[in-house]
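Visitor: predicted model, plus sequence, below.
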Amino acid sequence: QLTPENMAERIGEAAQAARATDRATIKQSQELHHQVHADQMRAVGTIRTKQEQRWHMLYCGGGAALAISLLWLVYPGWAASIGPQSWVWPERVASRTLGEPSLWDAGIRLMRAGSPDGWQAIVDAADLARENRDTIAACKKAAAKIKEPVRCTISISKR
């Protein structure tokens, strides 16, 4: 019953059966290889995305710094106005801008420039008070004593 054709056929079938497991292993190996390759490509894409995000953050930070610098050049008072009032930043900026050594001197210069007549009235009032210091002090004592307003006579000098 065993003819050479039958024998060749049986050998072919045995070889097919033996190679079938090899084929399955190779196919499984190829699928695993494709899956690992896809995972690696996703990882590379993620790394590229992180690097791009770092560059974008760097560009945004540099752009914001440039914009703030330009804004500061165009309108320097905005930065001074963001601090608490007790820090007197706007006044310090004004003093530095005017080139005056103190806030007091800068204020005098601004008042003179803003209202020369008003500034002169302040100077005259200060001179009047200084020249009549003793008389004004005596009047204040008298008013405090009787707890009512009092009339006082002051001297006005001619300039």
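Guide: Alright, I've got the coordinates.

Visitor: C-terminal to the helix or strand hosting N6, what's the next element?
Guide: In the assignment (DSSP states H and E), N6 maps to helix 4-74. Toward the C-terminus, helix 4-74 is succeeded by helix 77-81 as the next helix or strand (DSSP H and E).

Visitor: in that following helix, what's buried?
Guide: By neighbour count with 16 or more other CB atoms under 10 Å, helix 77-81 contains the buried residues A80. Glycine gets a C-beta too; all of them are placed from N, C-alpha and C.

Visitor: if we can go back for a sec, the helix holding N6: how far from the chain's middle?
Guide: 40 Å (CA atoms, centre = their mean, to the nearest Å).

Visitor: gap between stretch 68-84 and the chain center?
Guide: Distance of stretch 68-84 from its chain centroid, counting by CA atoms, centre = their mean, is 11 Å.

Visitor: please disregard the earlier target; I meant stretch 106-125.
Guide: Relative to its chain's centre, stretch 106-125 lies at 38 Å (CA atoms, centre = their mean).

Visitor: also stretch 115-131?
Guide: For stretch 115-131, the distance to the chain centre is 44 Å (CA atoms, centre = their mean).

Visitor: buried set for that stretch?
Guide: W119.
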